[in-house]
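A.B. asks: My questions concern the predicted model and sequence given below.
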Amino acid sequence: MVPFATLENAPGTSVMAVVTRFAPSPTGLLHIGGVRTALFSWLYARRHGGKFILRVEDTDRERSTDEAVRVILEGMQWLGLDADEGPYYQTRRFDRYREVLAQWLAEGKAYRCYCTKEELEQLRAEQMARKEKPRYDGRWRDRTDTRPGVEPVIRFKNPLEGEVVVEDSVHGRVVFKNSELDDLVIARGDGTPTYNFCVVVDDADMGVTHVIRGDDHLNNTPRQMNMLAALGAQVPRYAHVPMILGPDGAKLSKRHGAVSVLQYEEDGYLPDALLNYLVRLGWSHGDQEIFTRAEMIAAFDIADVNKAASAFNPEKLLWLNQQHMMKAEPASVVRYLKPHLARLGIECADDALLAKIVVAQRERVKTLKEMAQNSRYFFGEGVELDPKAAAKHLTPEALALLGQLRASLAGLGEWTAAAVHAALEALAATHSVGLGKVAQPLRVAVTGNTISPPIDQTLELIGRVRVLARLDAALAAAP
RNA sequence: GCUCCUUUCGUCUAGAGGCCCAGGACAUAGCCCUCUCAAGGCUGUAACACGGGUUCGAAUCCCGUAAGGAGCGCCA
């Protein structure tokens, strides 16, 4: 039991623990738009020492899929957006919804409507023809009879007059006239409850204090507030955050960005980098671009959230990902790099070596996937020489240098980057050539290509045995 | 069509009447550094949607217009 010593504050100022929720629908795969909403809700709860609830809104049984539920669960876990409660599933709360439905029917707060779909369609068509806003006209609102052969829906009796004021944390005061609202369906003909109704019951039952969601829900809010009032529940604080657009400024779609959040794991992004990118879409904290998780929690405030939609920019995400790889503890990057190495068939249990590889590679790759691909030559035996690189750099003159270099490397007392570097410089000096004249052929011989970390570090990490073997192979392959 | 929302560089944003002939970041161009590729540093190009007000003074306040978006479902 939580002791509440100060419950006697004036109305509206009572101390209330913050409770937020993320309520995705498993009718499509969770994408970055949803993730950002989840992030804002999570941050807000963490910032205020509150509770974060995960609730799966699966009342549409036709379109909900197990795959989508899996992506929500795995995605949230990968991102580290841990819930304090849930996941709840609305499909498991049907008894509760039926209870409220029965109560409202009994109290006259809701009623059965026996209109057929055809009838409703005709009504809509007529209204459109008259250039009116299409809406249900309440024709069954006060009827008590029934109509055989039609499974009735249940509609909420929305107030006819007055207005509903939404005090939104990002949009400010938004006023809706009740006369613009109609009696929405809260239970289908088959008895299953609908979204707007379930949300209201759930938010009330779960004690949600702050509803943070996409601004496509702003128009639903007055209806929900009316239902909350019918329930006798307190109205939460609303914050309708702007939507995320695709890179082209158009609505997010499968074609560009509306992919499963798990795709970002596969593409080699660090969870913290994705979160950092997403938090800066619609929110800012002065000029700060890079945030650790703790910094995000400390700085986040809904008051700083923008009103306008923002476009997703893949280049900036890439940049941030690299920034996070460079700032993070190498060991933590290793943890996320391993799956990518595994996908290339590379299993390495030497975490210390992997940490060194991370440090050597992170300033030249944008993703973990790229890091894994560019690190293949640290593992396995031989390397495949890129034909163009070999033709350009493994010239007879270069091979002559490499031959001498092989000897000096073989005789090195200790195999460190510093020792390798000294050997290279000595060779370059005796032949009066730049370091590049020997470094590039060497790079091609041991990595197969022209790109790698500084050559001395590269050799140290590849290891002497492999380096000598690869030099021998390059020398032997020469004409 | 009706109701609601939105509008600062290509993109993300700072800006809460004078600090702004608008700052930062990504991207982009140039230079420096350099054994490759990067990273890093420096420099440049680039924006207050438009029109009226209010005010000594407006990116900031008000009103229109335009353009986008959302909702108007027995979808969520």
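C.D. replies: Right, received. Where do you want to start?
A.B. asks: just for the stretch 351-479 of chain A, where's the confidence low?
C.D. replies: For the stretch 351-479 of chain A, the stretches flagged by pLDDT under 70 are A:478-479.
A.B. asks: So which residues of it form strands?
C.D. replies: When secondary structure is read from DSSP state E, counting those that start in this stretch, the stretch 351-479 of chain A shows no strands.
A.B. asks: Residue numbers of it in contact with RNA strand B?
C.D. replies: By the criterion of CB under 7 Å from any atom of the strand, the positions of the stretch 351-479 of chain A lying close to RNA strand B are A:363-365, A:421, A:434-436, A:439-440, A:443, A:450-456. Using the backbone N, CA and C atoms, a C-beta is placed for each residue, glycine as well.
A.B. asks: and if we set it to 6 Å?
C.D. replies: Taking CB under 6 Å from any atom of the strand as the contact definition, the stretch 351-479 of chain A meets RNA strand B at A:363-364, A:434-436, A:439-440, A:450-456.
A.B. asks: Out of those, list just those in helices.
C.D. replies: Using DSSP state H, the members of these that fall in helices are A:435-436, A:439-440, A:455-456.
A.B. asks: okay, the nearest residue to A:T65 once chain neighbours are set aside: pLDDT?
C.D. replies: With sequence-adjacent residues excluded and distances taken as CB to CB, 6 or more residues apart in numbering, A:T65 is closest to A:P26, at 6.1 Å. Model confidence at A:P26, given as pLDDT, is 91.
A.B. asks: For the closest residue to A:T91 other than its chain neighbours, the count of nearby residues, please.
C.D. replies: Spatial nearest neighbour of A:T91, chain neighbours left out: A:D58 (5.1 Å); criterion: CB to CB, 6+ apart. With neighbours defined by other CB atoms under 10 Å, the count for A:D58 comes to 21.
A.B. asks: residues contacting whatever residue of chain A ends up closest to RNA strand B?
C.D. replies: When distances are taken as CB to the nearest atom of the strand, chain A approaches RNA strand B most closely through A:S25, which lies 2.6 Å from it. Contact criterion CB atoms under 8 Å, 6 or more residues apart in numbering gives A:56-58, A:60, A:64, A:195 as the residues in contact with A:S25.
A.B. asks: re the thing from before, and the ones in helices among the residues of the stretch 351-479 of chain A next to RNA strand B, which of them are buried?
C.D. replies: A:439-440, A:455-456 (16 or more other CB atoms under 10 Å).
A.B. asks: Please dump the residues you listed into JSON lines; it should also carry distance to A:I154 for every row.
C.D. replies: Formatted as JSON lines, the entries for those read as follows, by distance: CB to CB, whole Å:
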{"residue": "A:A439", "distance to A:I154": "77"}
{"residue": "A:Q440", "distance to A:I154": "76"}
{"residue": "A:I455", "distance to A:I154": "74"}
{"residue": "A:D456", "distance to A:I154": "75"}
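A.B. asks: In those, find the pair that's most separated.
C.D. replies: Taking every pair in these and measuring CB to CB, the maximum separation is 13.6 Å, between A:Q440 and A:D456.
A.B. asks: CA atoms of stretch A:163-171 as CSV?
C.D. replies: The C-alpha coordinates for stretch A:163-171 follow below in CSV (Å, rounded to 0.1, in the frame of the first residue of the first chain):
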residue,chain,number,x,y,z
GLU,A,163,-18.8,22.1,-25.5
VAL,A,164,-15.8,20.0,-24.5
VAL,A,165,-12.6,21.7,-23.7
VAL,A,166,-9.4,19.7,-24.1
GLU,A,167,-6.4,21.3,-22.3
ASP,A,168,-3.7,19.7,-24.4
SER,A,169,-0.1,19.8,-23.2
VAL,A,170,1.2,20.4,-26.7
HIS,A,171,-1.6,22.2,-28.5
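A.B. asks: what's the average pLDDT for that stretch?
C.D. replies: 92.
A.B. asks: and what of stretch A:247-265?
C.D. replies: Averaging pLDDT residue by residue across stretch A:247-265 gives 80.
A.B. asks: ends of that stretch, how far apart?
C.D. replies: Stretch A:247-265 has its terminal residues 20 Å apart, counting by CA to CA, to the nearest Å.
A.B. asks: Mind giving me the packing neighbours of the helix or strand harbouring A:R55?
C.D. replies: If you go by DSSP states H and E, A:R55 is part of strand A:51-56. With contacts taken as 3 or more CB pairs under 8 Å, 6 or more residues apart in numbering; DSSP states H and E, strand A:51-56 sits against strand A:19-22, helix A:32-47, helix A:66-79, strand A:85-89.
A.B. asks: partners of it, with directions?
C.D. replies: Next to strand A:51-56 in the sheet, as set by DSSP bridges, lie strand A:19-22 (parallel), strand A:85-89 (parallel).
A.B. asks: one step back: looking at the contacts of A:S25, spot the one nearest A:R188.
C.D. replies: A:D60 (9.8 Å).
A.B. asks: does the closest one count as helix, strand or coil?
C.D. replies: The three-state label for A:D60, taken from DSSP: H, G, I helix; E, B strand; the rest coil, comes out as coil.
A.B. asks: On the three-state scheme, the residue lying closest to it once chain neighbours are set aside is what?
C.D. replies: Across the structure, with CB to CB, 6+ apart as the measure, the residue nearest A:D60 apart from its sequence neighbours is A:T27 (5.8 Å). The three-state label for A:T27, taken from three-state DSSP, comes out as coil.
A.B. asks: So what's the residue count around A:T27?
C.D. replies: Number of residues near A:T27 (other CB under 10 Å) recorded here: 14.
A.B. asks: close enough to count as contact, it and A:V56?
C.D. replies: No - with the criterion set as CB atoms under 8 Å, A:T27 and A:V56 do not qualify as a contacting pair; they are 10.7 Å apart.
A.B. asks: Dump the strands paired with strand A:51-56 into CSV; add mean neighbour count, mean pLDDT and distance to A:T144 as well.
C.D. replies: Written out in CSV, the entries for those read as follows (neighbours: other CB atoms under 10 Å; pLDDT from 0 to 100; distance: least, CB to CB, whole Å):
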stretch, mean neighbour count, mean pLDDT, distance to A:T144
strand A:19-22, 26, 96, 38
strand A:85-89, 16, 91, 35
